[in-house]
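[1] Task: produce atomic coordinates for the following.
(one chain, ligands or ions: 1)
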Amino acid sequence: MSLDHPVNDLSHVIEADRAHVWHHLSQHKVYETADPRVFVEGKGLKLWDAKGKEYLDAVSGGVWTVNVGYGRESIANAVRDQLIKLNYYAGAAGNVPAALFAEKLTQKTPGLTRVYYSNSGSEANEKVYKMVRQIAHRQHGGRKWKILYRERDYHGTTIGTLATSGQDQRAMQYGPYPEGFVRVPHCLEYRKQWDVENYGQRAADAIEEVIRREGPDTVGCLVLEPITAGGGVIVPPNGYWERVQEICRKYDILLHIDEVVCGLGRTGTWFGYQHYGIEPDFVTMAKGVASGYAAISCTITTEQVFEMFKDDAADPMGYFRDISTFGGCTSGPIAALENMRIIEDEGLLDNTTRMGERCLANLQALMDKHAVIGDVRGKGLFLGAELVSDRKTKEPMEEKRVQAVVADCLAQGVIIGATNRSIPGLNNTLCLSPALIATADDIDRITDAIDGALTRVFG
Ligand code: PMP
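    I've put the predicted structure just below:
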């Protein structure tokens, strides 16, 4: 497909960007010698930059976000109509799209009935941490205030959520951090920490050990990604989730699943936790909720948790004393409603499962050809290929060579990712997360690009 994409001179845009924009996650020194990339237009999985170059985006906007693809006029129209009718109202009053999306969303999350709106994944997670702390005050005499998080997981960029970063380099220069956040081991079987048969059970038992060490009456909540994203695309081993749920129930610990990446179809089910039969107390989501057409995040919970915040109307501490100013934007829930309709009407959960299987099989086939691929893993259109310099020792591939693979794909017009530069020595997993509308041709083009890049970089 070809678009009427920019061919006129946008060089001033590139200069304005270079002169005034501070890019996320960037070492700006590189822009002294190379032009920053500025995107202008998108359609489906395709993107065009300010120089008119075309790309196939295999990472949905860089960070697993544009689940339904670029250029969706029906979302734009729904948002436009809603903005003209009512753009915003926040605080104690509601609005029509917020009510309708909450109703529709909770139909997909049996057992979770209440939706709290905000506008980023970090914020959605912070809301849970605040709820847990308030529950500790109201129900447990100030006990059960600690929140457990896992090595390699990531939950956001604020100081509160960075206190639960399982990726040290993301957090190390921004401390000191608030107290009461305690780390548990990760569950990546490829990099075993215990030499046992039932690895899932063992990795979950390690969480119990931390709970017992800290004192179960001090622990209020455990936050986990259902499938770890930036920490290495980690699909938990068999038996892991069953045991985690059992441990949470045993010690009366609330289970918070961070679905910021996995939510809204990314893994072939509405939410990642639904592969594992888990019954969480909190689920948070952001990126794919409106596929980047509007900023929206949701914290959803059970009626049981919600009831804990109902009290005498005169009690100033009797309710959740929190607000998110932009949680009152109607653009978020109206875009989210249309986003969900598209996923349903176009059968994108099924497509994700089928295309995910194809992509995984393609990556597995590449393992026969390229000894640098140590492991491939993933679910749905959420996949990773871990690169190693030695398959036997599993020595992680040097970051600059992993980045060379990403750069080679980019030169071929295919945008892939690599695990963020936040885990020393482990920045070595190529990441794929194309939009859920990806076709077999798209998938093959992506894995062919990786094949070519690996050949060129490693010979
Ligand atoms: N949780 C997870 C699992 C994430 O991957 C991210 C962002 N990459 C966040 C939370 C934070 O979301 P946001 O950037 O919208 O604050």
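[2] From here on, just use CA atoms for contacts and neighbour counts.
    Will do.
[3] got the residues of the stretch 151-300 of the chain near the ligand?
    Y154, H155, G156, T157, E225, D258, V260, V261 (CA under 6 Å from any ligand atom).
[4] Put together JSON lines for those residues, with secondary structure, distance to R143 and pLDDT on each row.
    Output for these, formatted as JSON lines (DSSP: H, G, I helix; E, B strand; the rest coil; distance: CA to CA, whole Å; pLDDT from 0 to 100):
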{"residue": "Y154", "secondary structure": "coil", "distance to R143": "25", "pLDDT": "96"}
{"residue": "H155", "secondary structure": "coil", "distance to R143": "23", "pLDDT": "98"}
{"residue": "G156", "secondary structure": "coil", "distance to R143": "25", "pLDDT": "98"}
{"residue": "T157", "secondary structure": "coil", "distance to R143": "26", "pLDDT": "97"}
{"residue": "E225", "secondary structure": "coil", "distance to R143": "25", "pLDDT": "98"}
{"residue": "D258", "secondary structure": "strand", "distance to R143": "23", "pLDDT": "98"}
{"residue": "V260", "secondary structure": "coil", "distance to R143": "28", "pLDDT": "98"}
{"residue": "V261", "secondary structure": "coil", "distance to R143": "31", "pLDDT": "98"}
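[5] what is I300 paired to in the beta sheet?
    V115, V283 (DSSP bridges).
[6] Relative to R18, which of the residues of the stretch 151-300 of the chain next to the ligand is nearest.
    Among those, T157 lies closest to R18 (CA to CA), at 24.1 Å.
[7] if I pick that closest one, what's in contact with it?
    T157 makes contact with S122 under the criterion CA atoms under 8 Å, 6 or more residues apart in numbering.
[8] Check A314 and give its pLDDT.
    At A314, the model reports a pLDDT of 76.
[9] Three-state assignment for it, please.
    Secondary structure state of A314, per DSSP: H, G, I helix; E, B strand; the rest coil, is coil.
[10] Number the residues from 13 up from this point.
    Sure, I'll start numbering at 13, so the last one becomes A326.
[11] what's the burial count for it?
    Other residues near A326 come to 7 when the count uses other CA atoms under 10 Å.
[12] Which residue lies nearest the spatial centre of this structure?
    In the chain, the centroid-proximal residue (CA atoms, centre = their mean) is V273; its distance is 2.1 Å.
[13] Check the spacing between that residue and S309 real quick.
    11 Å (CA to CA, to the nearest Å).
[14] anything in contact with each of the two?
    M297, A298, K299.
[15] Verify the stated contact: the last one with A306.
    Which is K299. No: between K299 and A306 there is no contact under CA atoms under 8 Å: 9.6 Å.
[16] neighbour-wise, which of the two wins?
    K299 (28 against 21).
[17] The more buried one - nearest residue in space that isn't next to it in sequence?
    Closest residue in space to K299, ignoring its immediate chain neighbours: T77 at 4.6 Å, by CA to CA, 6 or more residues apart in numbering.
[18] mind listing what the one you found touches?
    V273, K299, G300, S303, G304.
[19] from the residues of the stretch 163-312 of the chain next to the ligand, which is closest to E315?
    Out of these, the member with the shortest distance to E315 (by CA to CA) is D270, at 18.8 Å.
[20] which residues touch the closest one?
    For D270, the contact set (CA under 8 Å, 6+ apart) comprises N137, H167, V235, L236, E237, P238, V295, T296, M297.
[21] now, which of those residues sits nearest V91?
    Of those, the one sitting nearest to V91 (CA to CA) turns out to be M297, at 19.9 Å.
[22] Just give me the neighbour total for that closest one.
    26.
[23] Phi, psi for it please.
    Note on M297: backbone dihedrals following degrees, to the nearest 10 are phi -150, psi 160.
[24] mind checking pLDDT for it?
    98.
[25] Could you find the closest non-adjacent residue to it?
    Per CA to CA, 6+ apart, closest to M297 is V272, 4.1 Å.
[26] and the longest strand along the chain, is it in reach of the ligand?
    Assignment by DSSP state E gives strand 395-402 as the longest strand of the chain. No: applying CA under 6 Å from any ligand atom, one finds strand 395-402 out of contact with the ligand, separated by at least 13.9 Å.
[27] Give the pairing partners of the helix or strand just after that strand; include direction for each.
    Per DSSP states H and E, the first helix or strand lying C-terminal to strand 395-402 is strand 407-408. Applying DSSP bridges to the sheet, strand 407-408 is found paired with strand 395-402 (antiparallel).
[28] mind checking how far the strand it pairs with is from the chain centre?
    20 Å (CA atoms, centre = their mean, to the nearest Å).
[29] Also stretch 64-75?
    17 Å.
[30] ok, now stretch 331-338?
    Relative to where its chain is centred, stretch 331-338 has its mean C-alpha point 23 Å off (CA atoms, centre = their mean).
[31] domain ranges for the chain?
    Following automatic domain parsing, one gets these domains for the chain: 23-80+359-470, 86-357.
[32] ok, how many other residues are close to K63?
    What K63 shows, counting by other CA under 10 Å, is a neighbour count of 17.
[33] Name the SS class of it, please.
    Relying on three-state DSSP, one would call K63 coil.
[34] That one and H24, how far apart?
    According to CA to CA, K63 stands 11 Å off from H24.
[35] Just the buried residues of the helix or strand encompassing R214, please?
    Applying DSSP H and E as the criterion places R214 in helix 211-226. Neighbour-count burial for helix 211-226 flags Y211, G212, Q213, R214, A215, A216, D217, A218, I219, E220, V222, I223 (criterion: 16 or more other CA atoms under 10 Å).
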